[in-house]
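# Sequence first, then the predicted structure, then my questions.
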Amino acid sequence: MVKETKKQKKLEAEKEEVLVEIPSEEILEEEVLEESDSEEEHSGRSTASKESEAVIHIYTSFNNTLVHVTDMSGKTISKVTGGMITKHSRLKSNPTIGMFIAKRIAEEVKDLGIKSFYVRIRSKTRNPAPGPGAHSIVKSLTRDGFKILNILDTTRMPRGGPKVKGGRRGRRP
């Protein structure tokens, strides 16, 4: 009899536990909410700020200016060149054309909600400075209200390698 009473007590205790349990769906929903709250607290930026960043690749030579806007994964958002703004070949690298390029980019990017940029400026290999349009593009983007997070010069510089065509004194007319 003593054994039967212990078994009965265990069965009654299990029944009470079953009655007290909350349905598993509600528990799962609460866990998901708690996890998303904890992720936002731990990560310094929310998901909206990650989407509002892009990378601007500016290639400037003394003949033309090319601007390529990508998202953080590298997918193209917009691409504008000096030739799309003007057809005069002597004006494609002009700082004024750089302003118009930046305006066109700003119009296309504002619709997507992008508010900040990482800027990568590149000029022709071996050139010590970028072309005249790069500075005006960055300047006009900041005037339009965009935040510049980083400016990086990615111009390629040779480390030794083959001799440059044209000789020591360069090409002469």
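Okay, I see it.
# Can you list the low-confidence ranges for the protein?
1-4, 13-51 (pLDDT under 70).
# give me that answer again for 90
Where the chain drops to pLDDT under 90, the residues are 1-52, 61-64, 83, 86-95, 124-133, 156-173.
# quick one, helices of it?
Remark: helices assigned in the chain by DSSP state H are 2-20, 24-42, 47-51, 82-85, 95-110, 133-143.
# what packs against the shortest one?
Helix 82-85 makes packing contacts with helix 95-110 when contacts are defined by 3 or more CB pairs under 8 Å, 6 or more residues apart in numbering; DSSP states H and E. C-beta: built from backbone N, CA, C; applies to glycine.
# Specify the angle between the helix it packs on and helix 133-143 in degrees.
Angle of helix 95-110 versus helix 133-143, following axes from the mean of the first three to the mean of the last three CA atoms, to 10 degrees, is 40 degrees.
# Which strands or helices does helix 95-110 pack on?
Taking 3+ CB pairs under 8 Å, 6+ apart as the contact cut, helix 95-110 packs with strand 65-70, strand 76-81, helix 82-85, helix 133-143.
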